[in-house]
Each structure stands twice: as structure tokens, then as C-alpha cells.
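Asks: Below: sequence and its predicted model.
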Amino acid sequence: MRLIGEDGSQVGIIPTEKALEMAREAGLDLVEVAPNARPPVCRIMDFNKLQYEKRRKSRDSRKKAKQVHIKEVKFRPAIGHHDFMTKARRVRRFLEHGDKVKLTLMFRGRQIVHPDLGRKVLKDVIEEVADIGQLEGNIQMQGRFMGALLVARPKTENADQQTEEKQPVATPQNPS
């Protein structure tokens, strides 16, 4: 087997028994790093420390990961203008927060024969939040429900530069 020492230096190709003896003398473990290599690569190291560092890295990566939740906002085909605007603001707030938004439109009774009215309501919501959200997939009909999924638009560098350009710049005044 090829052996790597505790300081990271190449020891060379040595028999397994000798590598185990060297690890015992150092008070450390013999860990197989690359079992598929020819010859297999082993390293003299503290195995518990290796496991601890792996757990810590995975914990840190989970902390840094942004969780995306799916929020649902329900609509009806015969929705009033004020109710529509209130729900559209809620959709906008969810998208600004970075969540996905599931738009659900429920038909009752004879409303089911007018899916075009429901599709119009969903398209109006999508247009209302088009500056920060976009449709993922298509508008789908599932039984008495019509649904769509909105996701936040990726933030671009151009948008950040435009906001910086719009801010007023103070000009120095001549004292006279």
C-alpha cells in the first residue's frame, strides 16, 4: 500500500503490517483514503478528528443553505378587485422573501364550465408580480382546481447598477 505520513508527506509503498506498526507508534490510526487506487492509499491520522471535521462541515453547509418554502394563495373565479389586490400583495411579499408561491383557484358548482375566467384571474396575478416573479411550468387544471407555481426572478447585477445610478449625488456648493 502507498502510505502518507501524519504530516502529509509521502512515505512510499510499504507492507500493511509495517504501516500499522508505524501508526501505533505515532498513537494514531491508519485510514484508507483511496481504496480503488493501485496500490491503495492509506494515511496515518486521527480518525475521530476526521469524523468531527466532516460533521462540522456538513452542519455549516446546512446553516448557509437557504430553505425555500412553498406558500399557497387561494383565489376564486369571481374575486373582487380589492380582494385580488390584497392577495396579489401577499404573493409579492412571499416572492420578495424568496419563497415559491402556489396559486390555487377553486371552482364551485357551475363555475367549472368557465375555466377561461379562472385562467384570466391567474394570468392577472402573474402579470401583477411579473417584475419580481415568473411562472414555473404551466397553468394546470386538476379536477375542481386550477393551479400555477411562481418563483422569484433571479437578481441580476444590472438591476443593482440601475438602482445605484438613480440615487442622487451630492454636489459641492461654492462658498461665496
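Replies: Ah, there it is. Numbers count the residues shown, from 1 in each chain.
Asks: nearest residue to the residue nearest the centre of the chain other than its sequence neighbours?
Replies: Among the residues of the chain, the one closest to the centroid is residue 66, at 5.2 Å (Cα atoms, centre = their mean). Sequence neighbours aside, residue 98 is the residue nearest to residue 66 in space, at 6.5 Å (criterion: Cβ to Cβ, 6 or more residues apart in numbering). Heads up, the C-betas are built off the backbone N, CA and C, glycines and all.
Asks: Isn't the one you found up against residue 67?
Replies: No - the criterion here is Cβ atoms under 8 Å, and residue 98 misses it with residue 67 at 9.1 Å.
Asks: Compare those two (neighbour count), which wins?
Replies: The neighbour comparison of residue 98 against residue 67 (other Cβ atoms under 10 Å) goes to residue 98, with 12 against 7.
Asks: roughly how far apart are that one and residue 106?
Replies: 26 Å (Cβ to Cβ, to the nearest Å).
Asks: returning to that earlier point: look at the residue nearest to residue 66 and report its pLDDT.
Replies: pLDDT for residue 98: 87.
Asks: so what does the host helix or strand of residue 55 touch, helix or strand wise?
Replies: Per DSSP states H and E: residue 55 is located in helix 47-64. Secondary-structure packing of helix 47-64 (3 or more Cβ pairs under 8 Å, 6 or more residues apart in numbering; DSSP states H and E): strand 29-34.
Asks: what comes up buried for the strand it packs on?
Replies: By neighbour count on 16 or more other Cβ atoms under 10 Å, the buried set for strand 29-34 is 29-30.
Asks: Next: stretch 149-157.
Replies: 149-152.
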